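In: Prediction below, plus the sequence it came from.
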Amino acid sequence: RPPRSTLFPYTTLFRSERSCDAWPARVRERLALALRMGLQITVSQRGAAMLGRALFLLGIAYIYYRASLNAYDIRLYAINIYGRVIHEFDPWFNYRATVYLADNGWYKFSRWFDYTAWYPLGRPVGTTIYPGMQITSVAIWNALNALGGKWAMTLNDVCCFVPAWFGVSASILLGLLTGECSGSATAGAAACMIMAIVPAHIMRSVGGGYDNESIALTAMCGTFYCWVRALRSEPGVKDGEATAGSVVFGVLTGVAYIYMVAAWGGFVFVLNMIGMHAAVLVACGRFSSKLHRAFSLFYVVGTLGAIQVPVVGWGPLKSLEQLGPLAIFVGMQVLEVAAVQKRKRGLTNAQALAVLLKAALPVLVVASAVVVALHSRGHFGPFSSRVRGLFVKHTRTGNPLVDSVAEHQPANEQAYQHYLHHVYSLVPFGLLVSLLQQTDSNSFLALYALVGYYFANKMARLIILLGPVASALGGVAVGFLSDQLLMLPLAKLLMW
């Protein structure tokens with residue numbers, strides 16, 4: 001009778017190496033051939049998967065590249081037709097300020113009183129201008145001239161091209177933001193393509209239109225990207241503990257926010273948008289040490305940098321429209337104390353709530369006393385006229401100069417269709433997809449869309465804030481369809 005191993009070779013394959021010697025040569029050859037074929041199939045599948053992912057990433061990179069070319073080309077039409085000239089009044093003033101900074105340096109620029117502006121009153125330029133664009137242009141001009149040769153450009157040419165350059169960077173950063181929020185690289189690439197050509201973005205980033213918004217959208221998209229990237233979960237980090245990304249990108253969010261403050265007065269929207277998102281996450285029961293680190297580092301780094309900008313000064317600690325995030329920052333510290341005690345001592349939810357109340361009560365008492373004392377001394381300033389115009393109906397701000405400007409009037413459906421074009425029809429579908437996915441980052445797009453729509457509905461010029469989020473939600477809609485109908489079936493077919 002033959003050995004049992006020849007009758008049931010597969011049952012003893014991994015039991016004993018000696019039993020293999022008892023098998024007939026024919027059986028051993030067949031087993032060896034099967035093992036080799038299985039190994040070859042496994043290696044082939046892995047190679048195909050790696051090749052497929054590499055091709056997919058190359059395709060995404062090519063889409064970003066084509067979107068960048070389109071964004072740059074379409075913004076040069078004014079330069080191609082009229083030459084390298086600065087257009088409109090505000091861009092001309094910004095160009096004069098840039099020339100003064102390049103000729104006299106930061107010290108004189110920050111103390112410059114221009115007697116020819118607002119004649120005969122004059123204007124203290126150093127304390128009434130957001131200098132980020134001027135500093136950026138002079139830095140680029142110095143860098144290009146340091147390279148020399150074909151890279152050298154005049155300061156006028158640099159100022160003409162800055163809107164187009166930053167239009168490209170804003171499109172790329174918006175794509176990264178969308179990809180991070182949706183978890184889909186396809187959606188990010190689609191959003192980048194839309195952002196490159198959406199009129200709401202082009203209207204403030206045309207070559208020669210040297211205005212603050214031309215670089216502000218890059219700063220805003222960069223700040224938002226760093227914020228949602230700081231909220232990304234990392235494998236191996238459990239129990240709501242902080243991640244390395246929350247620390248690193250929390251600091252980067254603050255740095256990007258400093259640049260936003262220096263670039264445009266719309267930094268108040270960015271500050272409150274991030275603060276509101278953090279508050280919504282807490283209200284939805286998604287507080288974690290990761291959220292605490294990200295928001296705390298952003299607020300500390302960003303505020304310390306913001307008060308260095310002359311036109312802002314101590315506004316983050318005095319202006320009513322900027323005090324909301326300060327209150328959220330204080331609340332975050334109280335919540336973190338309770339979360340740490342819960343992890344260390346293994347407390348139940350009821351016990352953790354008791355610790356939270358004990359920590360919150362003295363903080364609330366001290367904060368109330370400080371607010372009352374500062375308010376009695378006139379420390380807090382009122383809402384600005386433009387902010388009041390977003391909430392006060394009919395009479396609006398009470399400032400005839402502000403109320404009479406056409407772009408300060410409420411937007412209508414025609415304006416949305418004009419500045420958002422075909423994306424206007426895609427936004428609801430992208431919003432629905434975003435609402436169906438419950439992640440810390442993905443909720444940011446839905447919240448941004450709701451807040452941006454409210455403000456744009458109050459003031460037409462704020463449609464510029466809808467450009468990025470409309471592009472993002474349009475990209476989410478296109479990316480979702482592409483993933484479900486093309487990418488996922490293709491990945492299954494090719495065994496990626």
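Out: Here it is on my side, so go on.

In: what residues are up against residue 255?
Out: Neighbour list for residue 255: 301-302, 305 [criterion: C-beta atoms under 8 Å, 6 or more residues apart in numbering]. C-beta here means a position set from N, CA and C on the backbone, and glycine is covered the same way.

In: From what I see, residue 173 and residue 225 are in contact.
Out: Yes: Residue 173 is in contact with residue 225 according to C-beta atoms under 8 Å; the separation is 5.5 Å.

In: ok so, going back, buried subset of the contacts of residue 255?
Out: By neighbour count, with 16 or more other C-beta atoms under 10 Å, those hold 301-302, 305 as buried.

In: Closest one of the residues you listed to residue 456?
Out: residue 302 (24.6 Å; C-beta to C-beta).

In: hang on, the closest one packs against residue 252?
Out: No: counting by C-beta under 8 Å, residue 302 does not reach residue 252; the two are 10.6 Å apart.

In: can you pull out the helices in the stretch 51-200 of the chain?
Out: Counting by DSSP state H, counting those that start in this stretch, the stretch 51-200 of the chain has helices at residues 77-82, 89-110, 125-128, 132-147, 155-182, 185-197, 199-202.

In: burial of residue 428, as a residue count?
Out: 12 (other C-beta atoms under 10 Å).

In: residues in contact with the helix or strand encompassing it?
Out: For residue 428, the host element (DSSP states H and E) is helix 423-436. Defining contact as C-beta under 8 Å, 6+ apart, one finds that helix 423-436 is touched by 181-182, 194, 198, 416-417, 420, 442-443, 445-446, 449, 470-478, 480.

In: Looking at these, which are in helices?
Out: Of the contacts of helix 423-436, the ones assigned to helices by DSSP state H are 181-182, 194, 416-417, 420, 442-443, 445-446, 449, 470-478, 480.

In: For ChimeraX, write the selection for the buried entries among the residues you listed.
Out: To isolate the buried ones among those in ChimeraX, judged by 16+ other C-beta under 10 Å, type:
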select :181,182,194,416,420,442,443,445,446,449,470,471,472,473,474,475,476,477,478,480
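
In: sorry, back to before: I'd like to know which of the helices of the stretch 51-200 of the chain is closest to residue 61.
Out: Short answer: helix 185-197, nearest of the helices of the stretch 51-200 of the chain by C-beta to C-beta, at 8.7 Å.

In: got the angle for that closest one vs helix 423-436?
Out: Helix 185-197 runs at 150 degrees relative to helix 423-436, counting by axes from the mean of the first three to the mean of the last three C-alpha atoms, to 10 degrees.

In: Leaving out the residues flanking it, which one is nearest to residue 127?
Out: residue 310 (4.8 Å; C-beta to C-beta, 6 or more residues apart in numbering).

In: so how far is residue 107 from the residue nearest to residue 231 when sequence neighbours are not counted?
Out: In this structure, residue 231 finds its nearest non-sequential neighbour in residue 440, 4.2 Å apart by C-beta to C-beta, 6+ apart. Shown here: residue 440 relative to residue 107, a distance of 44 Å by C-beta to C-beta, to the nearest Å.

In: Ok, residue 347 next?
Out: 56 Å.

In: Tell me, how many residues neighbour the nearest residue to residue 226 once chain neighbours are set aside?
Out: Computed as C-beta to C-beta, 6+ apart, the closest residue to residue 226 that is not its neighbour in sequence is residue 253, at 4.0 Å. Using other C-beta under 10 Å, residue 253 is surrounded by 29 other residues.

In: correct me, but residue 253 touches residue 274?
Out: Yes: assessed by C-beta under 8 Å, residue 253 is found in contact with residue 274 at 7.5 Å.

In: The buried ones among the contacts of residue 255 into TSV, with extra columns for secondary structure and distance to residue 487?
Out: As requested, the buried ones among the contacts of residue 255 are exported to TSV (DSSP: H, G, I helix; E, B strand; the rest coil; distance: C-beta to C-beta, whole Å):
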residue	secondary structure	distance to residue 487
301	helix	38
302	helix	37
305	helix	41
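
In: quick one: which of those is nearest residue 453?
Out: For those, the residue nearest residue 453 by C-beta to C-beta is residue 302; the value is 25.3 Å.

In: any idea which helix or strand carries the nearest residue to residue 131 once chain neighbours are set aside?
Out: With C-beta to C-beta, 6+ apart as the criterion, residue 131 has its nearest non-adjacent residue at 6.0 Å, and that residue is residue 262. Assigned by DSSP H and E, residue 262 belongs to helix 244-263.

In: in that helix, what's buried?
Out: Quick answer for helix 244-263 (16+ other C-beta under 10 Å): 245-263.

In: what are the C-alpha coordinates of it, in PDB please?
Out: Written as PDB, here are the backbone C-alpha positions of helix 244-263 (Å, rounded to 0.1, in the frame of the first residue of the first chain):
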ATOM      1  CA  ALA A 244       2.100  63.900  13.800                       C
ATOM      2  CA  GLY A 245       0.200  65.400  10.900                       C
ATOM      3  CA  SER A 246      -2.000  67.400  13.200                       C
ATOM      4  CA  VAL A 247       1.000  69.000  14.700                       C
ATOM      5  CA  VAL A 248       3.000  69.600  11.500                       C
ATOM      6  CA  PHE A 249       0.100  70.800   9.400                       C
ATOM      7  CA  GLY A 250      -1.500  72.700  12.300                       C
ATOM      8  CA  VAL A 251       1.600  74.900  12.300                       C
ATOM      9  CA  LEU A 252       1.600  75.100   8.500                       C
ATOM     10  CA  THR A 253      -2.000  76.200   8.700                       C
ATOM     11  CA  GLY A 254      -1.000  79.000  10.900                       C
ATOM     12  CA  VAL A 255       1.800  80.000   8.600                       C
ATOM     13  CA  ALA A 256      -0.400  80.000   5.600                       C
ATOM     14  CA  TYR A 257      -3.000  82.000   7.500                       C
ATOM     15  CA  ILE A 258      -0.400  84.700   8.300                       C
ATOM     16  CA  TYR A 259       0.200  85.100   4.600                       C
ATOM     17  CA  MET A 260      -3.500  85.300   4.100                       C
ATOM     18  CA  VAL A 261      -3.700  88.100   6.700                       C
ATOM     19  CA  ALA A 262      -1.000  90.000   4.900                       C
ATOM     20  CA  ALA A 263      -2.700  89.600   1.500                       C
END
